[in-house]
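Undergrad: I would like to see how this sequence folds:
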Amino acid sequence: MLGFLIQRLLQAVAVMVVISVLVFVGVFAIGNPIDVLIAPDATQDIRLDTIRRYGFDQPLWKQYLNFAASLVQGDFGRSFVFNMPVLQLILSRLPATLELTLVAVIGATIIGVPLGMYAGYRPNAVSSRAIMGLSVLGFSLPTFWIGILFIMGFAVELGWLPAGGRGDTVEVWGIQWSVLTLNGWSHLVLPALTLSLFRMALMIRMARAGMREAMLSDYVRFARAQGISDSKVIFGHVLKNISIPLVTVFGLELAATMAFAVVTETIFSWPGLGKLIIDSIQSLDRPVMVAYLMLVAFLFIMINFSVDIAYAALDPRVRSGRT
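TA: Model (predicted):
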């Protein structure tokens, strides 16, 4: 088990190094940040001084080494636009995106997995066909259109829920959370539901496929032949066997939802990282862009690492290296 974890950690470090190079080269090939840092009517001396101060006169490889050294020390630089440490700026927006992502993905899992298992257990039932039909809609409808429909229906026409914003928050351990207030939940429901529909459809499909395959397997037939009830077979055997692909989907969707919640946050004016990165791209705020991309890459790698650990806990063959 220890060797397995060390191997995964070394792979994660190598991936982060490669990603840091790609992010640095990709972002620093875009536009000219000097136009953001100084006024258009600035003199040539001021322009050259600003270029030297930020190290833009150095070769690209040397700029990368300075960038990598700062990353190792946890220093992402200062935002060109907000004139504050980038890490502080991102951490101030991260809780909003994090809670929206967690509510959306956990909600999609809690609802989608049981529905998918039911549809797989009774594939010919009318209710199962309805569930699969709804999953098709979840895959087909674009997120921005669903969000707009929710706003028009529940906020504008019915007036049940607010159209945007985060609502009231409560500070816990120095972090503001809206999930701890009723008003915060009223603001969270629509964006979380919008963000969760695709994930819910995916969970339904995955759970149904796993359930259908498991119910036709030999170990289920033997368990039924021994007189074990279907509920014990499903929750004692089937659920554990189909949990590995579900854990994979959960981990990947958690990272993907956090990284690509930009559209939903924009539609519902949710003050998270999505709005921040859009503004940073428009204003060529390179430190914020680089820090955001590195954070997303780090989240993907850490979530995949956690999924690997879950694999090892669920499947002994992974721990022993036989797969």
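Undergrad: Run through the protein and note the low-pLDDT ranges.
TA: 1-4, 27-42, 50, 54-56, 310-323 (pLDDT under 70).
Undergrad: Which elements pack onto the longest helix belonging to it?
TA: Of all the segments of type helix in the chain, defined by DSSP state H, the longest one is helix 86-121. Secondary-structure packing of helix 86-121 (3 or more CB pairs under 8 Å, 6 or more residues apart in numbering; DSSP states H and E): helix 126-140, strand 175-177, helix 182-215, helix 239-259, helix 262-267, helix 273-282, helix 286-314. Every residue, glycine included, has its C-beta placed from N, CA and C.
Undergrad: So what's the gap between it and the chain middle?
TA: 8 Å (CA atoms, centre = their mean, to the nearest Å).
Undergrad: What are the buried residues along that helix?
TA: 86-87, 89-90, 92-101, 103-105, 107-109, 112-113, 115-121 (16 or more other CB atoms under 10 Å).
Undergrad: Let me have the helices and strands packed on helix 86-121 in JSON lines, adding distance to residue 81 and mean neighbour count as columns.
TA: Formatted as JSON lines, the helices and strands packed on helix 86-121 follow (distance: least, CB to CB, whole Å; neighbours: other CB atoms under 10 Å):
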{"stretch": "helix 126-140", "distance to residue 81": "37", "mean neighbour count": "14"}
{"stretch": "strand 175-177", "distance to residue 81": "22", "mean neighbour count": "16"}
{"stretch": "helix 182-215", "distance to residue 81": "25", "mean neighbour count": "21"}
{"stretch": "helix 239-259", "distance to residue 81": "22", "mean neighbour count": "19"}
{"stretch": "helix 262-267", "distance to residue 81": "18", "mean neighbour count": "21"}
{"stretch": "helix 273-282", "distance to residue 81": "7", "mean neighbour count": "20"}
{"stretch": "helix 286-314", "distance to residue 81": "8", "mean neighbour count": "19"}
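Undergrad: closest to residue 63 out of the ones you listed?
TA: Set against residue 63 and scored by CB to CB, the helices and strands packed on helix 86-121 come closest in helix 286-314, at 10.8 Å.
Undergrad: Residue 103 and residue 190 touch, don't they?
TA: No. Using CB atoms under 8 Å as the test, residue 103 is too far from residue 190 to be in contact (11.3 Å).
Undergrad: CA-only coordinates of stretch 220-227, as CSV, when you get a sec.
TA: Output of stretch 220-227 as CSV, limited to C-alpha atoms (Å, rounded to 0.1, in the frame of the first residue of the first chain):
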residue,chain,number,x,y,z
VAL,A,220,-26.1,-12.4,-7.5
ARG,A,221,-27.7,-15.6,-8.8
PHE,A,222,-25.9,-17.7,-6.1
ALA,A,223,-27.0,-15.2,-3.4
ARG,A,224,-30.6,-15.4,-4.5
ALA,A,225,-30.4,-19.2,-4.7
GLN,A,226,-29.3,-19.2,-1.0
GLY,A,227,-32.5,-17.3,-0.1
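Undergrad: in it, what counts as buried?
TA: Buried-residue list, stretch 220-227, by 16+ other CB under 10 Å: 220, 223.
Undergrad: Give me the contacts around that stretch.
TA: Under the criterion CB atoms under 8 Å, 6 or more residues apart in numbering, residues 214, 230, 232, 233, 237, 238 lie in contact with stretch 220-227.
Undergrad: ok, now which ones touch residue 287?
TA: Residue 287 neighbours (CB under 8 Å, 6+ apart): 76, 77, 78, 79, 80, 86.
Undergrad: Next one: it relative to residue 214, how far apart?
TA: Distance of residue 287 to residue 214, computed by CB to CB, to the nearest Å: 49 Å.
Undergrad: and what of residue 105?
TA: Residue 105 is 24 Å from residue 214, where distance means CB to CB.
Undergrad: now do residue 258
TA: Here residue 258 is placed at a distance of 31 Å from residue 214 (CB to CB).
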